[in-house]
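> Pasting the sequence and the predicted model now:
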Amino acid sequence: MLKDITIGQHFPGNSPVHKLDPRLKIVLTVAFVVVLFMSTNFVGLFLSAVFTLSVFKLSGIPLKMLQKSIKPLIPLIFFTVFLNLFFIKGPGDPLINLGFVKIYKEAILFIIVMVCRIIFLICGTSLLTYTTSPIMLTDGLESLMKPLNKIHFPVHEMAMMMTIALRFIPTLIEETDKIMNAQKSRGAMLDSGSFADRIKALVPILIPLFISSLRRAEELATAMECRCYHGGEGRTRLKQLKITGDDIRSAVLCCVCFVIILSTRMFFTRVI
Amino acid sequence: MSVLKVENLSYTYNPDMPNAVKALDNINLEIEEGTFVGVIGHTGCGKSTLISHFNGLTKPQEGRILLDGKDIWTEWKDIRQVRFSVGMVFQYPEYQLFEETCYKDIAFGPKNMGLPEEEIDNRVKMAAQFCGITDEMLAGSPFDLSGGQKRRIAIAGIIAMMPRVLVLDEPCAGLDPEGRELILSQVKNYQQTTGCTVILVSHSMEDIANYADKVLVMEAGTVYNYATTEEVFADAENLSRMGLGIPDITKVFLKLKEMGVDIGTDVYTIPYAVKQLLKYKQAKEAAKNA
Ligand SMILES: Nc1ncnc2c1ncn2[C@@H]1O[C@H](COP(=O)(O)OP(=O)(O)O)[C@@H](O)[C@H]1O
Ligand SMILES: [Mg+2]
């Protein structure tokens, strides 16, 4: 149930994907997303799939995790399919004509491409969080956004907030689970009854959850103050991010793959 | 007949994942009606996982849980009925409080059972009395109380449901000795008055020694020993080797034996220790006189 939420989950490992510098990993992931949305033919999509699966294989994360990260988004995918199926119109005759609904060939092609894109998008981005610890991820982001400091954007504070938020996602999920179990043990009905009943049933869960979140926040703030945390100014790092030769080689390899995927645009007809 | 029976129970967290943990490995267990069972074992040996099966919060991956000889998942009409029969007090139960007044919070369980108003009132008062909760506290907000008081409110919330089996997961964690003593003696008193079954998970050998009739020792997801308290503590040397802190008084007797005094080591409470020592002394004097 709640345990199935995999956002922010991290699987420590020793693969080249894990070792890649987080900054490069973030940039490459963004680039991958762009490439994905610029692939407009099936060959490009197929190559993207091959690329994603190879990186997954390389990372040593079991493919089962992919299934797990896609599962919560299935309703969204269905929604996309449903909307596009009926609302995209092509120039030719519809494939199926039921009078009030007309389904065109273009709609079906578009849906296939869209669903592929969404799935690869999830794969690519979840790979980033699976292989990068939250600390590394935010360190990477902070370092990438550093230039924004010039326009007085609070980069460090944003990064710190993100680290804390990411850090507490699993804790809060666990806590919610515990409270739900406790109330279920007292006979609370969480998954049956009318809509009003269910909303009411949330009260015994939300109140303890809010209270404990506030308590945690306060404790954390005190703990940080006790260690003289005073914001980003003058703070140095225990682990400096450094780009190595291996990082550059991996990045170049990925870029080559991206260029190959993009170049299919020139040789194959676009589907959408 | 035993009230709770565990048959070949195994449970793995995150099966088929890189972070899979085998928490329970083929557990077999029978708990007799009316006994006070203590459960001990290292942190992470699967105590909490085991007891979360008892009231159907976790569904067994392998094996069955029988309540009154009936599988809780297939032969009971409603899992909620099982939860009303097997009351569960979690670790840090004070975090589950949510109502404006303690009275309302204690009444939450009985209300869910669909009892009439009058009966609920009786039960809240009964539970409050067992847990040493004053009328003043009942009318006030649970959030104004101290940690130990909050915990007693939470325990009262379960007792008010009058479960036949009361399961407590480390109810004394983080309390001062006085608070521990209070909660445990109240639970014991409740058990003796109502004749219900109690399953108490605890880190502290001392607590178990003082209150339990039978002890379940767990080790890495398996049952290491399940026997009467005397029998379990007769094996004190092995417990101590497993890194479980044995009661101080047992340590004294182990040491005496090591020094060559011919004395049993199944001693775990002070009164029994005194009796043993006196017996030993008498035997020795008798031997001298003869
Ligand atoms: N929600 C969970 N997800 C994954 N592993 C868990 C979870 N809960 C417990 N475990 C693991 O299962 C084992 C048994 O845990 P638990 O039953 O809580 O032990 P105990 O209560 O004896 O300290 C431990 O190794 C623990 O790390
Ligand atoms: Mg535990």
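Okay, I see it. Ligands and ions are numbered 1, 2, ... in the order given.
> Shouldn't residue B:11 be within a helix?
No. Going by DSSP: H, G, I helix; E, B strand; the rest coil, the assignment for residue B:11 is strand, not a helix.
> Check the gap between it and residue A:259 for me.
Counting by Cβ to Cβ, to the nearest Å, the gap from residue B:11 to residue A:259 is 49 Å. No exception for glycine: its C-beta is placed from N, CA and C like everyone else's.
> In terms of neighbours, single out the busier of these two.
Ranked by neighbour count (other Cβ atoms under 10 Å in any protein chain shown), residue B:11 and residue A:259 place residue B:11 first, with 23 against 10.
> how near is the more buried one to chain A?
14 Å (Cβ to the nearest Cβ, to the nearest Å).
> Could you report the pLDDT at that residue?
Per-residue pLDDT puts residue B:11 at 91.
> what's near enough to touch it?
Shown in contact with residue B:11 (Cβ atoms under 8 Å, 6 or more residues apart in numbering or on different chains): B:22, B:23, B:24, B:46, B:49, B:53, B:58, B:60, B:61, B:62.
> Quickly list what it is bridged to.
Beta-bridge pairing for residue B:11 (DSSP bridges): residue B:24.
> Residues contacting stretch B:172-185, please?
B:91-92, B:132, B:147-148, B:151-152, B:155, B:171, B:200, B:202-204, B:207, B:210-211.
> Which among these count as buried?
B:91-92, B:148, B:151-152, B:155, B:171, B:200, B:202-204, B:207, B:210-211 (16 or more other Cβ atoms under 10 Å in any protein chain shown).
> Cross those residues against helices and list the overlap.
Within those, residues falling in helices by DSSP state H are B:148, B:151, B:152, B:155, B:207, B:210, B:211.
> got the residues you listed as TSV, with pLDDT and distance to residue A:160 columns?
Formatted as TSV, these follow (pLDDT from 0 to 100; distance: Cβ to Cβ, whole Å):
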residue	pLDDT	distance to residue A:160
B:148	83	36
B:151	89	34
B:152	88	39
B:155	90	39
B:207	82	42
B:210	83	48
B:211	87	47
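> Filter the contacts of residue B:11 down to the buried ones and hand me the PyMOL line.
Per 16+ other Cβ under 10 Å, the buried members of the contacts of residue B:11 correspond to this PyMOL selection:
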select buried, chain B and resi 23+24+46+49+53+58+60
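> contacts with ligand 1 among the contacts of residue B:11, please.
On the criterion Cβ under 6 Å from any ligand atom, B:23, B:46, B:49 are the entries of those that sit beside ligand 1.
> need the residues you listed in TSV with distance to residue B:69 and pLDDT, can you?
Shown next, in TSV, are those (distance: Cβ to Cβ, whole Å; pLDDT from 0 to 100):
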residue	distance to residue B:69	pLDDT
B:23	26	89
B:46	24	90
B:49	23	92
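> Out of the residues you listed, which comes closest to residue A:25?
residue B:23 (33.5 Å; Cβ to Cβ).
> contacting residues for residue A:148?
Residues in contact with residue A:148 (Cβ under 8 Å, 6+ apart) are residue A:155.
> tell me the secondary structure for it?
Following three-state DSSP, residue A:148 is assigned to helix.
> hmm, back to that, which ones among the contacts of residue B:11 are found in helices?
B:49, B:53.
> could I get the contacts of residue B:11 as CSV with distance to residue B:111?
Below are those laid out as CSV (distance: Cβ to Cβ, whole Å):
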residue, distance to residue B:111
B:22, 39
B:23, 33
B:24, 33
B:46, 33
B:49, 29
B:53, 26
B:58, 25
B:60, 30
B:61, 33
B:62, 36
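> Stretch A:64-79: end-to-end distance?
24 Å (Cα to Cα, to the nearest Å).
> for it, which positions count as buried?
Buried residues in stretch A:64-79, counting neighbours by 16+ other Cβ under 10 Å, are found at A:65, A:66, A:68, A:69, A:70, A:77.
> do the same with stretch A:15-31
Neighbour-count burial for stretch A:15-31 flags A:16, A:17, A:18, A:20, A:21, A:22, A:23, A:24, A:25, A:26, A:28, A:29 (criterion: 16+ other Cβ under 10 Å).
> Equivalent analysis for stretch A:128-141, please.
For stretch A:128-141, the neighbour count (16+ other Cβ under 10 Å) marks A:128, A:129, A:130, A:131, A:132, A:134, A:136, A:137, A:138, A:139, A:140, A:141 as buried.
> from the residues you listed, which single one is nearest chain B?
residue A:130 (9.9 Å; Cβ to the nearest Cβ).
> closest point of the stretch 101-250 of chain A to ligand 1, which residue?
Closest approach of the stretch 101-250 of chain A to ligand 1 (Cβ to the nearest ligand atom) occurs at residue A:174, with a separation of 6.8 Å.
> and that residue, which of the three is it?
Going by three-state DSSP: residue A:174 is helix.
> tell me the contacts of it?
By Cβ under 8 Å, 6+ apart, residue A:174 lies in contact with nothing.
> Quick check on the closest residue to chain A within chain B: phi, psi?
Per Cβ to the nearest Cβ, residue B:112 is where chain B lies closest to chain A, at 3.2 Å. Torsion angles at residue B:112 (phi, psi; degrees, to the nearest 10) stand at phi -60, psi -20.
> just for the stretch 1-150 of chain A, where's the confidence low?
For the stretch 1-150 of chain A, the stretches flagged by pLDDT under 70 are A:1-8.
> Pull the number of nearby residues for the residue of chain B closest to chain A.
20.
> Is it correct that it is in contact with residue A:186?
Yes. Contact status for residue B:112 versus residue A:186: in contact at 6.2 Å, counting by Cβ atoms under 8 Å.
> What are the boundaries of the strands in chain B?
B:2-13, B:21-32, B:36-40, B:62-67, B:70-71, B:86-89, B:165-169, B:197-201, B:214-219, B:222-228 (DSSP state E).
> Quickly, which of the ones you listed bottoms out on average pLDDT?
strand B:70-71 - the lowest mean pLDDT of those, at a mean of 85.
> returning to that earlier point: tell me which entries of the buried residues of stretch A:64-79 lie within helices.
A:65, A:66, A:68, A:69, A:70, A:77.
> I'd like those as TSV, with distance to residue B:277 appended.
Below are these laid out as TSV (distance: Cβ to Cβ, whole Å):
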residue	distance to residue B:277
A:65	61
A:66	66
A:68	61
A:69	65
A:70	68
A:77	75
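> Identify the farthest-apart pair in the buried ones among the contacts of stretch B:172-185.
B:92 and B:210 (22.3 Å).
> okay, now residue A:252: neighbour count?
10.
> Just want the phi and psi numbers for the residue lying closest to residue A:244 once chain neighbours are set aside.
Spatial nearest neighbour of residue A:244, excluding adjacent residues (Cβ to Cβ, 6 or more residues apart in numbering or on different chains): residue A:21 at 7.5 Å. Recorded main-chain torsions at residue A:21 are phi -60, psi 130, according to degrees, to the nearest 10.
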